[in-house]
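Undergrad: Here is a sequence together with a model predicted from it:
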Amino acid sequence: MSKFKGKNVLVVGIGRTGVSIGRYLSKSGAKVTLTDMKQRNELNEYVRDLQDCKVEFDFGKHSPHLFEQADLIVVSPGVPLNIKPIEEARLQGKALVTEVDIAASLLKVPLIGVTGTNGKTTTTTLLGEMFKTEGKRAFVGGNIGTPLIDFISGDQNADYAIAELSSFQLDLIEKLVPAVAVFTNISEDHMDRYSGMDAYISAKKKLLQACDRNTYVVLNYDDPLLVRFGAETSGRVIWFTKKDPMNIGGDFAESFCGVYYDSESNKIYDKVTGQEEVYDVSMLRLFGDHNKENLMAAICAARMMGIGPKTIQSVIQSFPGVPHRLELIRRKNGVFFINDSKATNVGSLEKSLLAFKKNPMILIAGGKDKDADFTRLAPLVEKRCHTLILVGESKEKLNRAIGDFAETYLMGTFEEAVLLAYQKSRSGDIIMLSPGCASFDMFRNYEERGDYFKQIVSQL
């Protein structure tokens, strides 16, 4: 019998994850209500997805009695934990969980969890390709694509689960114990949701705290915060770095377990299993040194799960990248158009600006601000960009922070921004959409924003 049968369950937040967990719980015999501050007409597509399930809805508010009556409250990733009904439910001792935690408690296969501020999606997708190429069945999803609970709802027809995990998904976890935990990097993000950087780091650290002594913990040695994580975990640490361990010296060099990138030879050296393997990355199709880091993170996790070197080299040469992340979409009259809509924070935008060192650049940026510090972009903008095209809710704040470091235009619509960028371009220029902000001021998500950019560019 399902442990949810007959229980009153409240799902807070009606979106992709809310629909998936609502369906699972309803079919498990729970009495499910979904609540959202949006009105029904704004959520029709999600309501339709649940028309075959016996669930109730609460639109336009979070009715207090629903929280009081609930045996279990499932909080969707996009819902802040500091809203009044959730804070009151906590004071009342109500059980608060996330979809990821419910799914993890029911998982029958090893879980590889990938988190970090930037690079999660590329690393997760690379891992999926490595497992697929090796002939190992793996579910790939979580914060990208398919929620983990959908894998649980099916026949779990895979030998591994690879899940991208956001800080929002990790906030409340208690049941999740990963076989491998991958941390790509940590930098400022979501300051509109967290009280400060320490609170954001604490959310990421939830995955570290979930690791036991059998967990492989993959960490970026070039990130000082993650070096501290290495000293705090009980798991088995596997490092990746762009530094030669022998140059670091000491105990680190002697006991090094992991992979490192050598820029002179353009090769990655793998010392995960004790026997050195070498990968040629000269044919890697991903822009930017940060993608070498993502690749190394994926190699560490893949090698610990038995993926062979030949498979990894094959994926290095064939992997095309992920949509909306430094995606070359067109070349017209010598101008290159790059769709980097997935750059939703300042750290990601910084890495994108660093990815192109030769071509002059026109940057299209802006969107919904996450209380970010844009001033740190100034040196890179001055060095890399001859023109800035700013759009969205944050355009005035961006202009104050970096508008003096390039020829700058503030635009009313997204289409006008793209058209002006093309008018200002010359042969050899890169026009890059890399917003550095969330998309929710103008679009449902970064995918819709990137697709609209591609549509406009295709019609030029």
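TA: Happy to help now that I have it.
Undergrad: Name the nearest residue to residue 366, sequence neighbours excluded.
TA: Distances taken as C-beta to C-beta, 6 or more residues apart in numbering put residue 392 closest to residue 366, at 3.9 Å, once the chain neighbours are dropped. Backbone N, C-alpha and C define where each C-beta goes, glycine included.
Undergrad: from memory the one you found sits against residue 367, does it?
TA: Yes: with contact defined as C-beta atoms under 8 Å, residue 392 and residue 367 form a contacting pair (4.2 Å).
Undergrad: what sits in contact with each of the two?
TA: Common contact partners of residue 392 and residue 367 (C-beta atoms under 8 Å, 6 or more residues apart in numbering): 435, 437, 441-442.
Undergrad: Can you get me a residue count around the residue nearest to residue 366?
TA: For residue 392, the neighbour count with other C-beta atoms under 10 Å is 27.
Undergrad: Double-check that it belongs to a helix.
TA: No: according to DSSP: H, G, I helix; E, B strand; the rest coil, residue 392 belongs to no helix; its state is coil.
Undergrad: show me what contacts it?
TA: In this structure, residue 392 makes contact with 366-368, 414, 435, 437, 441-442, judged by C-beta under 8 Å, 6+ apart.
Undergrad: can you put the shared contacts of residue 392 and residue 367 in a markdown table and add neighbour count and distance to residue 76?
TA: Listed next are the shared contacts of residue 392 and residue 367 as a markdown table, based on neighbours: other C-beta atoms under 10 Å; distance: C-beta to C-beta, whole Å:
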| residue | neighbour count | distance to residue 76 |
| --- | --- | --- |
| 435 | 30 | 23 |
| 437 | 29 | 21 |
| 441 | 16 | 20 |
| 442 | 18 | 22 |
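Undergrad: Determine the number of other residues adjacent to residue 424.
TA: For residue 424, the neighbour count with other C-beta under 10 Å is 15.
Undergrad: Do you know the pLDDT at it?
TA: pLDDT, the model's per-residue confidence, is 98 for residue 424.
Undergrad: now residue 3
TA: Taken from the predicted model, the pLDDT recorded for residue 3 is 89.
Undergrad: same check, this time on residue 247
TA: For residue 247, the predicted pLDDT is 87.
Undergrad: Output the helix or strand of the chain with the lowest mean pLDDT as CSV - backbone C-alpha positions only.
TA: Among the helical and strand segments of the chain, the one scoring lowest on mean pLDDT, DSSP states H and E is helix 250-255, with a mean of 85. Output in CSV follows, covering the C-alpha atoms of helix 250-255 (Å, rounded to 0.1, in the frame of the first residue of the first chain):
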residue,chain,number,x,y,z
GLY,A,250,52.4,18.8,-1.2
ASP,A,251,49.9,16.2,-0.1
PHE,A,252,47.5,17.3,-2.8
ALA,A,253,49.9,16.2,-5.6
GLU,A,254,50.8,13.0,-3.9
SER,A,255,47.2,11.9,-3.2
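Undergrad: Give the buried residues for it.
TA: Neighbour-count burial for helix 250-255, with 16 or more other C-beta atoms under 10 Å as criterion, is recorded at no position.
Undergrad: mind listing what's buried in the following helix or strand past that helix?
TA: Sequence order places strand 258-262 as the next helix or strand after helix 250-255, per DSSP states H and E. Of the residues in strand 258-262, 258-261 count as buried by neighbour count, 16+ other C-beta under 10 Å.
Undergrad: Adding pLDDT and distance to residue 221, write the contacts of residue 392 out as CSV.
TA: Putting these into CSV (pLDDT from 0 to 100; distance: C-beta to C-beta, whole Å) gives the following:
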residue, pLDDT, distance to residue 221
366, 98, 34
367, 97, 32
368, 96, 33
414, 98, 39
435, 98, 30
437, 97, 30
441, 95, 37
442, 96, 38
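Undergrad: any residues touching stretch 382-390, and which ones?
TA: Around stretch 382-390, the neighbours that count as contacts under C-beta under 8 Å, 6+ apart are 353, 356, 360-366, 381, 398-399, 402-403, 405-411, 417-418, 420-421, 424, 429.
Undergrad: hang on, the earlier thing: need the buried residues of strand 258-262 in TSV (columns: distance to residue 108).
TA: Compiled in TSV, the buried residues of strand 258-262 are given as follows (distance: C-beta to C-beta, whole Å):
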residue	distance to residue 108
258	29
259	30
260	35
261	36
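Undergrad: Show me which pair in the residues you listed is furthest apart.
TA: Taking C-beta to C-beta as the measure, the buried residues of strand 258-262 span a maximum distance of 11.0 Å, between 258 and 261.
Undergrad: and for the two, which residues touch both?
TA: By C-beta under 8 Å, 6+ apart, residue 258 and residue 261 have these common neighbours: 241, 296.
Undergrad: low-confidence ranges in the chain?
TA: When the per-residue scores of the chain are filtered using pLDDT under 70, the ranges that remain are 1.
Undergrad: domain parsing for it?
TA: Following automatic domain parsing, the chain resolves into domains at 8-97, 101-318, 327-458.
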